[in-house]
Every structure is written in C-alpha cells, then in structure tokens.
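[1] can you look at this prediction? I've put the sequence above it.
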Amino acid sequence: GEDVEQSLFLSVREGDSSVINCTYTDSSSTYLYWYKQEPGAGLQLLTYIFSNMDMKQDQRLTVLLNKKDKHLSLRIADTQTGDSAIYFCAESPLTGANNLFFGTGTRLTVIP
Amino acid sequence: EAGVAQSPRYKIIEKRQSVAFWCNPISGHATLYWYQQILGQGPKLLIQFQNNGVVDDSQLPKDRFSAERLKGVDSTLKIQPAKLEDSAVYLCASGGRGGEQYFGPGTRLTVT
C-alpha cells in the first residue's frame, strides 16, 4: 500500500527558510499536496504539484518534486511565527478514486 | 465562498454509546470524504462519496461505523457503539473537479 513519510519536528528562526521533506512509495502518484494544520483546526490546502512537474512556486512557497527518488519538499521563504503549524504531505495515487494518503505530519516551530 | 461546515465541533461520550457527525460540503462539490485523524497521525480515509453513491468504503469499520449522503449534499457519519479507540478528530472534506480536497474544521470525539 501507499506509504508517506515525514520527519516529525522542525525548528527554524523567524526570517530563515524552512524546508519540510516527504518521501512516498507509490510511483503512480498523480498529484502531491501540502496541507497546513493549525491547533484545533482542519487542514488548509497550501499547494499541490502534478507528478509531471519538478517545481512549483507560489509566493513564499516552493515545492520541489524528485520523482525518481520519490521525494517531495516544501520550502517556506522568510518563515514567520504564523507559519508555526503541522504540515502534511499527501499523495493521490493513479488508481483509486482521488483518495489522499497522508504522512504523519511535520510540526514546524518558528522561534522569534 | 463558504467552506466545509461540520458539527458538532466537540463531543464527549462514554464507550458503547452512539454518536453522529454532520457535514455540509462546499456548494457544487460532488465528492465528499470522511477521514479519521488519531492524535499524532495524519488523516486516514474512512469513506468517499460521489454525489449520493459510495465510491470507496474499504477502510470503514462497518460493524460500528455507517455513513450516508442521501441527497448528494449533506452527509452524516455515525458510530454505534463507540469504543475507546474511536477517540479522534473526524474530518470531512469535499472535492472539486480538479481533485483537490478542502477540509472542514473537524469534530473532536472523546470516548471515555
């Protein structure tokens, strides 16, 4: 089955860049997503990338996809205290019905 | 545009009791998902609807969980009887044509 892995914790200083990494096993993934979850809230879709792309930039967010290594990363430029949250990587396999398979989440802590 | 609505936000019940959660998706979204998010984990799909039909319920514990979406809009998820291990956040998401999913705030269930 699909397996999505992320490191559990990341701490950065305010103003620095954050890089959150994710690896997945399903080579047939069509889309890969990044979601943000703040305490007590649902998941907020941040960005996504189609599997035939290797990079996508959206304001402070840059997504890099290495399909050969099945590695996805999210870079947040100029990290702010409001970016402190749990970030989930999710993949949508080609088979199935647009189900999302999530990683365990990376808790980002931004130190002022 | 209104987001995905869920109620209640919090529920505390004793084991063996019953509970029901309600979800109203984004207007016009044909696809609706229920996920279970146990503390410290990523969400896991329980059931997916396309309009009022079930697309995938392979991970739904059917001996105690049931869900319906009778008119292809709102949905309810029921647990009867609840077990301690059902303590989790239950997230509803709706999906647009592009496959991306938008999540509600979730219902936090505590079973004592």
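    Perfect, I can see it now. Numbers count the residues shown, from 1 in each chain, chains lettered A, B, ... in the order given.
[2] just checking, residue A:33 touches residue A:99?
    No: using Cβ atoms under 8 Å, residue A:33 is not in contact with residue A:99, being 11.9 Å away. No exception for glycine: its C-beta is placed from N, CA and C like everyone else's.
[3] spatially nearest residue to the residue in chain A sticking out farthest from the centre, not counting backbone neighbours?
    Distance from the C-alpha centroid of chain A peaks at residue A:112, with 22.7 Å (Cα atoms, centre = their mean). Excluding the flanking residues, the one nearest residue A:112 by Cβ to Cβ, 6 or more residues apart in numbering or on different chains is residue A:14, at 5.2 Å.
[4] tally of neighbours for the one you found?
    Residues near residue A:14, counting by other Cβ atoms under 10 Å in any protein chain shown, number 14.
[5] any idea of the pLDDT on it?
    We have a pLDDT of 97 for residue A:14.
[6] list the contacts of it.
    A:79, A:80, A:81, A:110, A:111, A:112 (Cβ atoms under 8 Å, 6 or more residues apart in numbering or on different chains).
[7] ok, now which ones touch the closest residue to chain B within chain A?
    Proximity of chain A to chain B (Cβ to the nearest Cβ) peaks at residue A:102, 3.1 Å away. Contact partners of residue A:102, counting by Cβ under 8 Å, 6+ apart, are A:4, A:35, A:88, A:89, A:90, B:42, B:43, B:44.
[8] distance check, the residue nearest to residue A:112 against residue A:57.
    21 Å (Cβ to Cβ, to the nearest Å).
[9] show me the contacts for residue 7.
    I went with chain A, as the question did not name one. A:20, A:21, A:106.
[10] that's the wrong chain, I meant chain B
    B:21, B:22, B:107.
[11] could those go into a markdown table alongside distance to residue B:57, secondary structure and neighbour count?
    Formatted as a markdown table, those follow (distance: Cβ to Cβ, whole Å; DSSP: H, G, I helix; E, B strand; the rest coil; neighbours: other Cβ atoms under 10 Å in any protein chain shown):
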| residue | distance to residue B:57 | secondary structure | neighbour count |
| --- | --- | --- | --- |
| B:21 | 16 | strand | 22 |
| B:22 | 18 | strand | 14 |
| B:107 | 19 | strand | 22 |
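[12] for these, which one is nearest chain A?
    Distances from chain A to the contacts of residue B:7, taken by Cβ to the nearest Cβ, are shortest for residue B:107, at 10.1 Å.
[13] what's the following helix or strand after the lowest-mean-pLDDT helix or strand in chain A?
    Lowest by mean pLDDT, DSSP states H and E among the helices and strands of chain A is strand A:29-37, with a mean of 89. Of the helices and strands lying after strand A:29-37 in sequence (DSSP states H and E), the nearest is strand A:43-50.
[14] hang on, the earlier thing: any residues in contact with both of residue A:33 and residue A:99?
    Counting by Cβ under 8 Å, 6+ apart, the residues touching both residue A:33 and residue A:99 are residue A:92.
[15] is it correct that residue B:57 is in contact with residue B:46?
    Yes: taking contacts as Cβ under 8 Å, residue B:57 lies within contact range of residue B:46: 7.5 Å.
[16] higher neighbour count, the two?
    residue B:46 (20 against 17).
[17] pretty sure residue A:3 contacts residue A:29?
    No: with contacts counted by Cβ under 8 Å, residue A:3 stays clear of residue A:29, the gap being 11.5 Å.
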